[in-house]
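A.B. asks: Only the shape, not the letters, is given here:
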(Lines give C-alpha, C1' and ligand atoms only; values in the text may rest on other atoms or scores of the structure.)
Protein backbone atom coordinates (compact mmCIF):
# COMPACT_ATOMS: atom_id res chain seq x y z
CA UNK A 1 0.00 0.00 0.00
CA UNK A 2 2.82 2.33 0.93
CA UNK A 3 4.65 1.54 -2.31
CA UNK A 4 1.45 2.13 -4.32
CA UNK A 5 0.96 5.57 -2.73
CA UNK A 6 4.60 6.44 -3.32
CA UNK A 7 4.28 5.31 -6.94
CA UNK A 8 1.19 7.47 -7.42
CA UNK A 9 3.01 10.46 -5.93
CA UNK A 10 6.00 9.87 -8.20
CA UNK A 11 3.74 9.57 -11.25
CA UNK A 12 1.96 12.77 -10.25
CA UNK A 13 5.22 14.66 -9.74
CA UNK A 14 6.67 13.32 -13.00
CA UNK A 15 3.45 14.24 -14.81
CA UNK A 16 3.51 17.76 -13.37
CA UNK A 17 7.17 18.20 -14.33
CA UNK A 18 6.50 16.93 -17.87
CA UNK A 19 3.43 19.18 -18.18
CA UNK A 20 5.49 22.10 -16.86
CA UNK A 21 8.20 21.49 -19.46
CA UNK A 22 5.58 21.20 -22.21
CA UNK A 23 3.78 24.34 -21.01
CA UNK A 24 7.00 26.37 -20.93
CA UNK A 25 8.03 25.12 -24.37
CA UNK A 26 4.58 25.76 -25.81
CA UNK A 27 4.51 29.26 -24.28
CA UNK A 28 7.98 30.03 -25.62
CA UNK A 29 7.12 28.76 -29.10
CA UNK A 30 3.83 30.65 -29.16
CA UNK A 31 5.50 33.92 -28.14
CA UNK A 32 8.25 33.41 -30.74
CA UNK A 33 5.59 32.61 -33.34
CA UNK A 34 3.64 35.78 -32.53
CA UNK A 35 6.84 37.86 -32.51
CA UNK A 36 7.92 36.42 -35.87
CA UNK A 37 4.48 37.05 -37.35
CA UNK A 38 4.39 40.59 -35.95
CA UNK A 39 7.86 41.28 -37.31
CA UNK A 40 6.74 40.11 -40.77
CA UNK A 41 3.69 42.37 -40.62
CA UNK A 42 5.84 45.33 -39.54
CA UNK A 43 8.36 44.64 -42.30
CA UNK A 44 5.69 44.46 -45.00
CA UNK A 45 4.05 47.64 -43.71
CA UNK A 46 7.36 49.51 -43.63
CA UNK A 47 8.22 48.49 -47.19
CA UNK A 48 4.71 49.36 -48.32
CA UNK A 49 4.91 52.82 -46.75
CA UNK A 50 8.11 53.63 -48.62
CA UNK A 51 6.83 52.33 -51.97
CA UNK A 52 3.42 53.95 -51.63
CA UNK A 53 5.02 57.28 -50.82
CA UNK A 54 7.37 57.19 -53.81
CA UNK A 55 4.86 55.77 -56.29
CA UNK A 56 2.08 58.06 -55.10
CA UNK A 57 4.34 61.09 -55.40
CA UNK A 58 5.40 60.13 -58.94
CA UNK A 59 1.81 59.55 -60.01
CA UNK A 60 0.77 62.89 -58.53
CA UNK A 61 3.46 64.61 -60.60
CA UNK A 62 2.22 62.82 -63.70
CA UNK A 63 -1.33 63.92 -63.01
CA UNK A 64 -0.10 67.48 -62.55
CA UNK A 65 1.47 67.23 -66.00
CA UNK A 66 -1.88 66.12 -67.42
CA UNK A 67 -3.66 68.97 -65.69
CA UNK A 68 -1.04 71.37 -67.02
CA UNK A 69 -1.84 70.25 -70.57
CA UNK A 70 -5.59 70.70 -69.97
CA UNK A 71 -5.03 74.21 -68.57
CA UNK A 72 -2.71 75.12 -71.44
CA UNK A 73 -5.27 74.13 -74.07
CA UNK A 74 -7.87 76.30 -72.32
CA UNK A 75 -5.61 79.35 -72.64
CA UNK A 76 -7.42 81.74 -74.99
CA UNK A 77 -4.32 82.91 -76.85
CA UNK A 78 -2.85 79.38 -77.04
CA UNK A 79 -3.44 78.88 -80.78
CA UNK A 80 -1.83 82.21 -81.58
CA UNK A 81 1.45 81.16 -79.98
CA UNK A 82 4.29 79.80 -82.12
CA UNK A 83 4.76 75.99 -82.04
CA UNK A 84 7.76 76.03 -79.70
CA UNK A 85 5.88 78.14 -77.12
CA UNK A 86 2.79 75.95 -77.46
CA UNK A 87 4.99 72.96 -76.70
CA UNK A 88 6.43 74.62 -73.62
CA UNK A 89 3.02 75.75 -72.34
CA UNK A 90 1.62 72.22 -72.65
CA UNK A 91 4.56 70.09 -71.58
CA UNK A 92 6.73 72.25 -69.38
CA UNK A 93 5.85 70.15 -66.29
CA UNK A 94 6.50 66.78 -67.92
CA UNK A 95 10.21 66.83 -67.06
CA UNK A 96 9.39 66.49 -63.34
CA UNK A 97 7.39 63.28 -63.83
CA UNK A 98 10.07 60.59 -63.56
CA UNK A 99 7.76 57.68 -64.44
CA UNK A 100 6.53 59.24 -67.63
CA UNK A 101 7.20 57.33 -70.82
CA UNK A 102 5.23 59.47 -73.27
CA UNK A 103 2.57 62.15 -73.05
CA UNK A 104 0.23 62.90 -75.93
CA UNK A 105 -2.86 64.92 -76.78
CA UNK A 106 -5.46 63.58 -79.24
CA UNK A 107 -8.57 65.21 -80.65
CA UNK A 108 -12.12 63.92 -80.67
CA UNK A 109 -11.29 61.46 -83.47
CA UNK A 110 -8.22 60.10 -81.71
CA UNK A 111 -5.69 61.80 -83.98
CA UNK A 112 -2.50 63.06 -82.38
CA UNK A 113 -2.47 66.83 -82.08
CA UNK A 114 0.33 67.39 -79.54
CA UNK A 115 3.19 65.30 -78.24
CA UNK A 116 5.67 65.81 -75.37
CA UNK A 117 8.32 64.42 -77.73
CA UNK A 118 10.58 66.58 -79.88
CA UNK A 119 8.86 69.48 -81.66
CA UNK A 120 10.87 68.93 -84.83
CA UNK A 121 9.76 65.37 -85.40
CA UNK A 122 6.17 65.00 -84.25
CA UNK A 123 4.84 61.46 -84.23
CA UNK A 124 1.66 60.29 -85.88
CA UNK A 125 -0.83 57.74 -84.58
CA UNK A 126 -4.49 57.34 -83.68
CA UNK A 127 -5.72 56.60 -80.11
CA UNK A 128 -9.38 56.02 -80.90
CA UNK A 129 -9.14 52.28 -80.27
CA UNK A 130 -7.60 52.76 -76.81
CA UNK A 131 -9.62 51.96 -73.70
CA UNK A 132 -8.99 55.39 -72.16
CA UNK A 133 -10.24 57.21 -75.27
CA UNK A 134 -13.48 55.20 -75.29
CA UNK A 135 -14.10 55.71 -71.55
CA UNK A 136 -13.61 59.48 -71.67
CA UNK A 137 -15.68 59.83 -74.81
CA UNK A 138 -18.58 57.98 -73.18
CA UNK A 139 -18.33 59.65 -69.74
CA UNK A 140 -17.87 63.34 -69.15
CA UNK A 141 -17.65 63.10 -65.35
CA UNK A 142 -14.54 60.87 -65.10
CA UNK A 143 -11.46 62.74 -63.87
CA UNK A 144 -8.17 60.87 -63.86
CA UNK A 145 -8.50 57.46 -65.47
CA UNK A 146 -6.02 54.58 -65.20
CA UNK A 147 -6.18 52.14 -68.11
CA UNK A 148 -5.46 48.43 -68.25
CA UNK A 149 -1.97 47.48 -69.44
CA UNK A 150 -1.56 47.75 -73.21
CA UNK A 151 1.22 47.79 -75.81
CA UNK A 152 2.51 51.35 -76.23
CA UNK A 153 2.61 52.15 -80.00
CA UNK A 154 5.10 54.94 -79.34
CA UNK A 155 7.62 52.65 -77.56
CA UNK A 156 7.74 49.61 -79.83
CA UNK A 157 4.85 47.83 -78.15
CA UNK A 158 6.28 48.03 -74.61
CA UNK A 159 3.66 47.16 -71.95
CA UNK A 160 2.39 50.35 -70.35
CA UNK A 161 -0.59 51.75 -68.50
CA UNK A 162 -2.18 55.05 -69.36
CA UNK A 163 -3.17 57.90 -67.04
CA UNK A 164 -5.54 60.20 -68.88
CA UNK A 165 -7.93 63.13 -68.55
CA UNK A 166 -10.78 64.25 -70.81
CA UNK A 167 -10.64 67.34 -72.96
CA UNK A 168 -13.92 69.19 -73.51
CA UNK A 169 -15.09 72.10 -75.62
CA UNK A 170 -16.60 75.11 -73.92
CA UNK A 171 -20.07 73.64 -74.48
CA UNK A 172 -19.05 70.36 -72.82
CA UNK A 173 -18.70 68.31 -75.96
CA UNK A 174 -15.90 65.73 -76.12
CA UNK A 175 -12.75 67.32 -77.52
CA UNK A 176 -10.20 64.58 -77.04
CA UNK A 177 -7.89 63.10 -74.42
CA UNK A 178 -4.56 63.94 -72.85
CA UNK A 179 -2.78 60.77 -71.77
CA UNK A 180 0.51 59.88 -70.17
CA UNK A 181 2.09 56.48 -70.82
CA UNK A 182 3.75 54.65 -67.88
CA UNK A 183 5.91 51.71 -68.93
CA UNK A 184 5.48 48.80 -66.51
CA UNK A 185 9.22 48.30 -66.56
CA UNK A 186 9.67 51.82 -65.16
CA UNK A 187 7.22 51.14 -62.34
CA UNK A 188 8.88 47.81 -61.54
CA UNK A 189 12.25 49.52 -61.21
CA UNK A 190 10.90 51.07 -58.01
CA UNK A 191 10.57 47.54 -56.58
CA UNK A 192 13.68 45.79 -57.82
CA UNK A 193 16.06 46.61 -54.95
CA UNK A 194 13.62 45.46 -52.27
CA UNK A 195 14.32 42.14 -50.51
CA UNK A 196 11.09 40.31 -49.91
CA UNK A 197 12.32 36.71 -50.12
CA UNK A 198 11.98 34.30 -53.01
CA UNK A 199 8.18 34.22 -52.78
CA UNK A 200 7.52 37.77 -51.61
CA UNK A 201 5.49 39.92 -53.98
CA UNK A 202 4.43 43.48 -54.74
CA UNK A 203 1.14 43.96 -56.60
CA UNK A 204 -0.47 47.05 -58.08
CA UNK A 205 -4.21 46.67 -58.59
CA UNK A 206 -6.63 49.01 -60.23
CA UNK A 207 -9.67 49.88 -58.14
CA UNK A 208 -11.80 47.28 -59.91
CA UNK A 209 -9.34 44.40 -59.29
CA UNK A 210 -7.35 44.51 -62.54
CA UNK A 211 -3.73 43.52 -61.89
CA UNK A 212 -1.63 46.28 -63.47
CA UNK A 213 1.83 45.01 -62.59
CA UNK A 214 3.58 42.69 -60.21
CA UNK A 215 6.95 41.79 -58.77
CA UNK A 216 8.21 39.25 -59.69
CA UNK A 217 7.01 40.20 -63.14
CA UNK A 218 5.11 37.57 -65.11
CA UNK A 219 3.49 38.81 -68.29
CA UNK A 220 0.90 35.97 -68.19
CA UNK A 221 -0.48 37.35 -64.90
CA UNK A 222 -0.64 40.99 -65.94
CA UNK A 223 -4.00 42.50 -66.97
CA UNK A 224 -6.01 39.71 -65.32
CA UNK A 225 -9.24 40.62 -63.52
CA UNK A 226 -9.21 39.46 -59.89
CA UNK A 227 -12.13 41.64 -58.86
CA UNK A 228 -14.33 38.61 -58.12
CA UNK A 229 -11.75 37.06 -55.77
CA UNK A 230 -12.75 37.32 -52.07
CA UNK A 231 -9.11 37.91 -51.15
CA UNK A 232 -8.77 40.85 -53.55
CA UNK A 233 -12.17 42.20 -52.51
CA UNK A 234 -10.84 42.49 -48.95
CA UNK A 235 -8.00 44.62 -50.29
CA UNK A 236 -10.22 46.84 -52.42
CA UNK A 237 -12.76 47.55 -49.68
CA UNK A 238 -10.37 49.13 -47.18
CA UNK A 239 -8.04 52.10 -47.28
CA UNK A 240 -5.11 50.26 -45.66
CA UNK A 241 -4.39 47.30 -43.43
CA UNK A 242 -2.67 43.94 -43.04
CA UNK A 243 -4.12 40.48 -43.47
CA UNK A 244 -3.00 36.96 -44.25
CA UNK A 245 -4.49 35.13 -47.18
CA UNK A 246 -3.81 32.62 -49.93
CA UNK A 247 -3.07 34.53 -53.12
CA UNK A 248 -5.60 33.98 -55.93
CA UNK A 249 -2.74 34.57 -58.35
CA UNK A 250 -0.30 31.79 -57.41
CA UNK A 251 -1.99 30.10 -54.36
CA UNK A 252 0.82 31.01 -51.95
CA UNK A 253 -0.06 31.82 -48.34
CA UNK A 254 1.23 35.31 -47.51
CA UNK A 255 0.96 38.15 -45.03
CA UNK A 256 -0.28 41.09 -47.10
CA UNK A 257 -0.05 44.79 -46.25
CA UNK A 258 -2.10 47.00 -48.53
CA UNK A 259 -2.71 50.71 -49.05
CA UNK A 260 -5.02 52.60 -51.38
CA UNK A 261 -3.52 55.39 -53.44
CA UNK A 262 -6.68 57.48 -53.24
CA UNK A 263 -5.99 60.06 -55.88
CA UNK A 264 -5.29 57.38 -58.49
CA UNK A 265 -7.86 54.72 -57.36
CA UNK A 266 -5.04 52.19 -57.12
CA UNK A 267 -4.27 49.59 -54.45
CA UNK A 268 -0.66 48.69 -53.70
CA UNK A 269 0.23 45.54 -51.78
CA UNK A 270 3.42 44.13 -50.27
CA UNK A 271 3.20 40.44 -49.39
CA UNK A 272 5.64 38.13 -47.58
CA UNK A 273 5.47 34.36 -47.86
CA UNK A 274 4.36 32.76 -44.59
CA UNK A 275 6.46 29.67 -45.28
CA UNK A 276 9.57 31.79 -45.79
CA UNK A 277 9.39 34.07 -42.78
CA UNK A 278 8.31 31.18 -40.52
CA UNK A 279 11.10 28.88 -41.77
CA UNK A 280 13.54 29.92 -39.03
CA UNK A 281 10.82 29.67 -36.40
CA UNK A 282 9.88 26.19 -37.61
CA UNK A 283 13.49 25.03 -37.30
CA UNK A 284 13.58 26.45 -33.79
CA UNK A 285 10.22 24.84 -33.02
CA UNK A 286 11.50 21.49 -34.26
CA UNK A 287 14.68 21.71 -32.18
CA UNK A 288 12.82 22.90 -29.09
CA UNK A 289 10.16 20.22 -29.56
CA UNK A 290 12.84 17.54 -29.82
CA UNK A 291 14.56 18.86 -26.72
CA UNK A 292 11.25 19.04 -24.89
CA UNK A 293 10.41 15.51 -25.95
CA UNK A 294 13.82 14.28 -24.80
CA UNK A 295 13.40 16.04 -21.45
CA UNK A 296 9.91 14.62 -20.99
CA UNK A 297 11.09 11.13 -21.92
CA UNK A 298 14.02 11.60 -19.54
CA UNK A 299 11.66 12.58 -16.73
CA UNK A 300 9.42 9.60 -17.49
CA UNK A 301 12.41 7.28 -17.88
CA UNK A 302 14.00 8.43 -14.63
CA UNK A 303 10.66 8.08 -12.89
CA UNK A 304 10.27 4.52 -14.20
CA UNK A 305 13.84 3.66 -13.17
CA UNK A 306 13.30 5.23 -9.77
CA UNK A 307 10.05 3.31 -9.34
CA UNK A 308 11.78 0.08 -10.28
CA UNK A 309 14.55 0.77 -7.81
CA UNK A 310 12.02 1.77 -5.19
CA UNK A 311 10.04 -1.39 -5.89
CA UNK A 312 13.19 -3.49 -5.65
CA UNK A 313 14.18 -1.85 -2.40
CA UNK A 314 10.63 -2.12 -1.05
CA UNK A 315 10.61 -5.82 -1.90
CA UNK A 316 14.04 -6.22 -0.31
CA UNK A 317 12.94 -4.37 2.80
CA UNK A 318 9.72 -6.37 2.95
CA UNK A 319 11.72 -9.54 2.58
CA UNK A 320 14.14 -8.44 5.29
CA UNK A 321 11.24 -7.55 7.57
CA UNK A 322 9.65 -10.89 6.84
CA UNK A 323 12.93 -12.69 7.43
CA UNK A 324 13.38 -10.77 10.65
CA UNK A 325 9.98 -12.07 11.79
CA UNK A 326 10.27 -15.56 10.27
CA UNK A 327 11.88 -18.68 11.64
CA UNK A 328 14.45 -19.97 9.14
CA UNK A 329 13.85 -23.64 9.95
CA UNK A 330 10.06 -23.89 9.90
CA UNK A 331 8.98 -20.83 7.92
CA UNK A 332 6.63 -19.83 10.77
CA UNK A 333 6.72 -16.54 12.61
CA UNK A 334 9.60 -16.36 15.06
CA UNK A 335 9.37 -15.15 18.65
CA UNK A 336 9.58 -11.49 17.57
CA UNK A 337 6.87 -11.87 14.93
CA UNK A 338 4.72 -13.78 17.42
CA UNK A 339 5.00 -11.02 20.03
CA UNK A 340 3.96 -8.34 17.45
CA UNK A 341 0.93 -10.32 16.26
CA UNK A 342 -0.05 -11.38 19.79
CA UNK A 343 0.05 -7.77 21.10
CA UNK A 344 -1.86 -6.49 18.08
CA UNK A 345 -4.63 -9.10 18.45
CA UNK A 346 -4.83 -8.43 22.19
CA UNK A 347 -5.49 -4.71 21.52
CA UNK A 348 -8.01 -5.60 18.83
CA UNK A 349 -9.85 -7.93 21.27
CA UNK A 350 -10.00 -5.10 23.81
CA UNK A 351 -11.46 -2.71 21.20
CA UNK A 352 -14.01 -5.19 19.84
CA UNK A 353 -14.83 -6.90 23.14
CA UNK A 354 -14.20 -10.30 21.56
CA UNK A 355 -12.35 -13.29 22.97
CA UNK A 356 -8.78 -14.26 22.12
CA UNK A 357 -7.32 -17.77 22.47
CA UNK A 358 -3.71 -18.93 22.65
CA UNK A 359 -2.29 -22.43 22.17
CA UNK A 360 1.16 -23.12 23.64
CA UNK A 361 2.64 -26.30 22.12
CA UNK A 362 5.69 -28.36 23.07
CA UNK A 363 7.20 -31.40 21.26
CA UNK A 364 7.35 -34.22 23.80
CA UNK A 365 10.74 -35.64 24.74
CA UNK A 366 12.40 -33.71 21.93
CA UNK A 367 15.88 -33.64 23.52
CA UNK A 368 15.78 -37.41 23.67
CA UNK A 369 14.76 -37.51 19.98
CA UNK A 370 17.73 -35.34 18.99
CA UNK A 371 20.11 -37.47 21.05
CA UNK A 372 18.86 -40.70 19.50
CA UNK A 373 18.21 -39.66 15.86
CA UNK A 374 20.37 -36.60 15.43
CA UNK A 375 19.63 -32.92 14.98
CA UNK A 376 18.92 -33.32 11.27
CA UNK A 377 16.01 -35.63 11.98
CA UNK A 378 14.99 -33.34 14.82
CA UNK A 379 14.82 -30.40 12.38
CA UNK A 380 12.60 -32.52 10.08
CA UNK A 381 10.25 -33.18 12.97
CA UNK A 382 10.01 -29.47 13.80
CA UNK A 383 9.23 -28.65 10.15
CA UNK A 384 6.56 -31.38 10.13
CA UNK A 385 4.96 -30.01 13.30
CA UNK A 386 4.96 -26.51 11.76
CA UNK A 387 3.25 -27.90 8.65
CA UNK A 388 0.57 -29.59 10.75
CA UNK A 389 -0.06 -26.38 12.69
CA UNK A 390 -0.69 -24.45 9.45
CA UNK A 391 -2.86 -27.29 8.13
CA UNK A 392 -5.20 -27.05 11.13
CA UNK A 393 -5.70 -23.27 11.27
CA UNK A 394 -7.77 -22.05 8.32
CA UNK A 395 -8.91 -18.50 9.12
CA UNK A 396 -6.88 -15.55 7.75
CA UNK A 397 -6.09 -14.11 11.18
CA UNK A 398 -5.11 -17.44 12.77
CA UNK A 399 -1.33 -17.38 13.21
CA UNK A 400 1.19 -20.13 14.09
CA UNK A 401 4.71 -19.31 15.35
CA UNK A 402 7.83 -21.03 16.59
CA UNK A 403 8.36 -19.61 20.03
CA UNK A 404 11.75 -21.16 20.54
CA UNK A 405 13.44 -24.59 20.45
CA UNK A 406 10.68 -27.23 20.26
CA UNK A 407 7.97 -24.81 21.49
CA UNK A 408 5.26 -23.40 19.25
CA UNK A 409 2.35 -20.98 19.71
CA UNK A 410 -0.94 -20.48 17.88
CA UNK A 411 -3.00 -17.29 18.16
CA UNK A 412 -6.74 -17.71 17.51
CA UNK A 413 -8.67 -14.39 17.40
CA UNK A 414 -12.39 -14.38 18.28
CA UNK A 415 -12.21 -17.92 19.68
CA UNK A 416 -13.52 -19.10 23.06
CA UNK A 417 -11.97 -21.82 25.23
CA UNK A 418 -14.09 -24.61 23.75
CA UNK A 419 -13.19 -23.71 20.18
CA UNK A 420 -9.53 -23.34 21.07
CA UNK A 421 -9.48 -26.75 22.80
CA UNK A 422 -11.05 -28.33 19.67
CA UNK A 423 -8.33 -26.87 17.43
CA UNK A 424 -5.66 -28.03 19.87
CA UNK A 425 -7.02 -31.55 19.95
CA UNK A 426 -7.10 -31.68 16.16
CA UNK A 427 -3.45 -30.63 16.05
CA UNK A 428 -2.41 -33.20 18.66
CA UNK A 429 -4.18 -36.04 16.88
CA UNK A 430 -2.90 -34.99 13.44
CA UNK A 431 0.73 -35.06 14.66
CA UNK A 432 0.24 -38.37 16.46
CA UNK A 433 -1.39 -39.85 13.33
CA UNK A 434 1.82 -39.24 11.39
CA UNK A 435 3.40 -42.07 13.42
CA UNK A 436 6.93 -40.63 13.38
CA UNK A 437 9.07 -43.15 15.30
CA UNK A 438 10.45 -41.95 18.64
CA UNK A 439 11.86 -44.77 20.76
CA UNK A 440 12.75 -42.32 23.51
CA UNK A 441 9.05 -41.60 24.14
CA UNK A 442 6.73 -43.87 26.12
CA UNK A 443 4.35 -43.57 23.15
CA UNK A 444 7.10 -44.67 20.69
CA UNK A 445 6.00 -41.94 18.28
CA UNK A 446 6.38 -38.16 18.13
CA UNK A 447 3.64 -36.41 20.15
CA UNK A 448 2.96 -32.90 21.44
CA UNK A 449 1.55 -31.39 24.60
CA UNK A 450 -0.68 -28.32 24.27
CA UNK A 451 -1.75 -25.70 26.79
CA UNK A 452 -4.90 -23.75 25.95
CA UNK A 453 -6.11 -20.40 27.32
CA UNK A 454 -8.77 -17.94 26.20
CA UNK A 455 -9.87 -14.55 27.51
CA UNK A 456 -12.07 -11.59 26.75
CA UNK A 457 -9.59 -8.92 27.79
CA UNK A 458 -10.87 -5.83 29.62
CA UNK A 459 -9.47 -2.34 29.01
CA UNK A 460 -6.15 -1.77 30.71
CA UNK A 461 -5.21 -5.45 30.76
CA UNK A 462 -1.95 -6.82 29.32
CA UNK A 463 -1.37 -9.71 26.96
CA UNK A 464 1.04 -11.38 29.38
CA UNK A 465 -2.00 -12.58 31.37
CA UNK A 466 -3.13 -14.82 28.53
CA UNK A 467 0.38 -16.02 27.75
CA UNK A 468 1.01 -16.99 31.37
CA UNK A 469 -2.31 -18.85 31.47
CA UNK A 470 -1.39 -20.86 28.33
CA UNK A 471 2.07 -21.57 29.74
CA UNK A 472 0.48 -22.84 32.96
CA UNK A 473 -1.87 -25.07 30.96
CA UNK A 474 1.11 -26.48 29.04
CA UNK A 475 2.92 -27.42 32.23
CA UNK A 476 -0.25 -29.08 33.41
CA UNK A 477 -0.42 -31.15 30.20
CA UNK A 478 3.19 -32.23 30.66
CA UNK A 479 2.53 -33.09 34.30
CA UNK A 480 -0.35 -35.32 33.27
CA UNK A 481 1.87 -37.49 31.11
CA UNK A 482 2.29 -35.41 27.93
CA UNK A 483 0.56 -36.07 24.58
CA UNK A 484 -2.29 -34.15 26.12
CA UNK A 485 -4.37 -30.96 25.84
CA UNK A 486 -5.08 -28.97 29.00
CA UNK A 487 -6.64 -25.64 29.83
CA UNK A 488 -5.48 -23.44 32.64
CA UNK A 489 -7.82 -22.68 35.52
CA UNK A 490 -6.05 -19.37 35.85
CA UNK A 491 -7.24 -18.24 32.36
CA UNK A 492 -9.77 -15.40 32.33
CA UNK A 493 -13.19 -16.96 31.72
CA UNK A 494 -15.04 -15.96 28.60
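C.D. replies: On my side now, so go ahead. The shown structure was predicted, so the numbers you read here are calculated from the model rather than taken from an experiment.

A.B. asks: if I've got this straight, residue 67 is in a helix?
C.D. replies: Yes - according to DSSP: H, G, I helix; E, B strand; the rest coil, residue 67 belongs to a helix.

A.B. asks: Output the below-cut-off pLDDT ranges for the stretch 301-450 of the chain.
C.D. replies: Where the stretch 301-450 of the chain drops to pLDDT under 70, the residues are 318, 320, 322-324.

A.B. asks: repeat for the stretch 151-300 of the chain
C.D. replies: Within the stretch 151-300 of the chain, the ranges that satisfy pLDDT under 70 run 262-264.

A.B. asks: At which residues are the helices of it located?
C.D. replies: With helices called from DSSP state H, counting those that start in this stretch, the stretch 151-300 of the chain shows them at 184-188, 230-237, 274-277, 279-324.

A.B. asks: so residue 184 touches residue 155, yeah?
C.D. replies: No - judged on Cβ atoms under 8 Å, residue 184 makes no contact with residue 155 at a distance of 11.0 Å. For every residue, glycine as well, the C-beta is placed using N, CA and C.

A.B. asks: quick one, which of these two is more surrounded?
C.D. replies: More crowded of residue 184 and residue 155, by other Cβ atoms under 10 Å: residue 184, with 21 against 14.

A.B. asks: what residues does the strand or helix carrying residue 367 touch?
C.D. replies: Using DSSP states H and E, the element containing residue 367 is helix 366-373. Helix 366-373 has contacts (Cβ atoms under 8 Å, 6 or more residues apart in numbering) with 363, 377-378, 381, 405-406, 438-441, 446.

A.B. asks: Pull the most distant pair out of those residues.
C.D. replies: 405 and 439 (20.8 Å; Cβ to Cβ).

A.B. asks: so how far is residue 276 from residue 193?
C.D. replies: For residue 193, the distance to residue 276 (Cβ to Cβ, to the nearest Å) stands at 18 Å.

A.B. asks: And the two? Which one has more around it.
C.D. replies: residue 276 (16 against 6).

A.B. asks: Now do the same contact list for residue 278.
C.D. replies: Residue 278 is in contact with 33, 36-37, counting by Cβ under 8 Å, 6+ apart.

A.B. asks: Can you report how many residues lie near the residue nearest to residue 240 when sequence neighbours are not counted?
C.D. replies: Excluding its sequence neighbours, the residue lying closest to residue 240 (Cβ to Cβ, 6 or more residues apart in numbering) is residue 259, at 4.4 Å. Residue 259 has 23 neighbours, counted by other Cβ under 10 Å.

A.B. asks: For residue 48, see how far away residue 259 is.
C.D. replies: Between residue 259 and residue 48 the distance is 6 Å, computed by Cβ to Cβ.

A.B. asks: overlap in contacts of the two?
C.D. replies: Jointly contacting residue 259 and residue 48 under the rule Cβ under 8 Å, 6+ apart are 268-269.

A.B. asks: could the contacts of residue 278 be laid out in CSV, adding neighbour count and pLDDT?
C.D. replies: Below are these laid out as CSV (neighbours: other Cβ atoms under 10 Å; pLDDT from 0 to 100):
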residue, neighbour count, pLDDT
33, 15, 90
36, 17, 90
37, 16, 91
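
A.B. asks: Mind checking what helix or strand follows the helix holding residue 367 in sequence?
C.D. replies: helix 375-391.

A.B. asks: distance between that next one and the chain's centre?
C.D. replies: Centre-to-centre, helix 375-391 and its host chain are 64 Å apart (Cα atoms, centre = their mean, to the nearest Å).
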